[in-house]
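S.K.: Structural data only, the sequence is not supplied:
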């Protein structure tokens, strides 16, 4: 029965996410492109939910970070933005509420931004992150290596404000893999 409830809450979450995103894409203003040699800095705040394969339990995933795009790397196939982020994930039984069992991750990342054909309102990105996860709530804090691989879309409202939507495959050593669906706001300057 709890698996049915988790599946229904996951479906409801996807429906709510779609209701928020589709109007944003339709009403977003076209974003102008940065000059070829220009740089930008992004401050992002993302809210999401981890989907753990065993039982499809939903867990809170909150992320804040900074990214800096280097204009001279726009044609580089590997990446054009270096990021640093902090992520809090709830590992306890209360889903989106804080519990003693959680993980705190600091990660460096490399992001590749690219334009989608026939639109200036929406662009896409890939993002590879590596860092250290500290798991709390045990007799002692356990530190583990973290790896995250993301694919996302950016809805540009203006040159300075955008909405990020992403799906991330996460792997922490000694923990089964899990995915995270996130939505967030970015302020660029």
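M.R.: Thanks, I have it. Being a predicted model, the structure only gives us computed values, none of them experimental.

S.K.: quick one: low-confidence ranges for this protein?
M.R.: Within the chain, the stretches with pLDDT under 70 are 1-38, 52-57, 91-99.

S.K.: Strands of that one, residue ranges please.
M.R.: For the chain, strands defined by DSSP state E occupy the ranges 40-52, 57-69, 81-90, 102-115, 122-136, 142-156, 161-172, 175-188.

S.K.: Just put those strands in a markdown table and tack on distance to residue 75.
M.R.: From N, CA and C alone the C-beta is placed, and that goes for glycine too. Converted to a markdown table, the strands of the chain look like this (distance: least, CB to CB, whole Å):
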| stretch | distance to residue 75 |
| --- | --- |
| strand 40-52 | 16 |
| strand 57-69 | 13 |
| strand 81-90 | 14 |
| strand 102-115 | 10 |
| strand 122-136 | 15 |
| strand 142-156 | 19 |
| strand 161-172 | 22 |
| strand 175-188 | 20 |
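
S.K.: Pretty sure residue 78 sits against residue 111.
M.R.: No - the pair residue 78 / residue 111 is not scored as a contact, 10.1 Å apart, by CB atoms under 8 Å.

S.K.: How about residue 62: what's its closest non-neighbour residue?
M.R.: The shortest distance from residue 62 to any non-neighbouring residue, by CB to CB, 6 or more residues apart in numbering, is to residue 88 (4.9 Å).

S.K.: Sorry, wrong one. I was asking about residue 182.
M.R.: The spatial neighbour of residue 182 that comes closest, neighbours along the chain excluded (CB to CB, 6+ apart), is residue 48 at 3.0 Å.

S.K.: I'd say that neighbour and residue 170 touch.
M.R.: No - with contact defined as CB under 8 Å, residue 48 does not reach residue 170; the gap is 10.8 Å.

S.K.: give me phi/psi at residue 116?
M.R.: Per-residue torsions, residue 116: phi -100, psi 140 (degrees, to the nearest 10).

S.K.: Hmm, it is touching residue 123, no?
M.R.: Yes - taking contacts as CB under 8 Å, residue 116 lies within contact range of residue 123: 6.0 Å.

S.K.: between the two, which one's more packed in?
M.R.: residue 123 (18 against 12; other CB atoms under 10 Å).

S.K.: Distance of the more buried one relative to residue 113?
M.R.: Distance, residue 123 to residue 113, using CB to CB, to the nearest Å: 6 Å.

S.K.: so what sits against both of these two?
M.R.: Residues touching both residue 123 and residue 113 (CB atoms under 8 Å, 6 or more residues apart in numbering) are residue 154.

S.K.: on that earlier part again, quickly list what's touching both of residue 48 and residue 170.
M.R.: Shared contacts of residue 48 and residue 170, defined by CB under 8 Å, 6+ apart, are found at residue 180.

S.K.: Can you name the residues bridging to residue 111?
M.R.: Bridge pairing for residue 111 (DSSP bridges) gives the partners residue 81, residue 127.

S.K.: What about it, how many residues nearby?
M.R.: By other CB under 10 Å, 20 other residues sit near residue 111.
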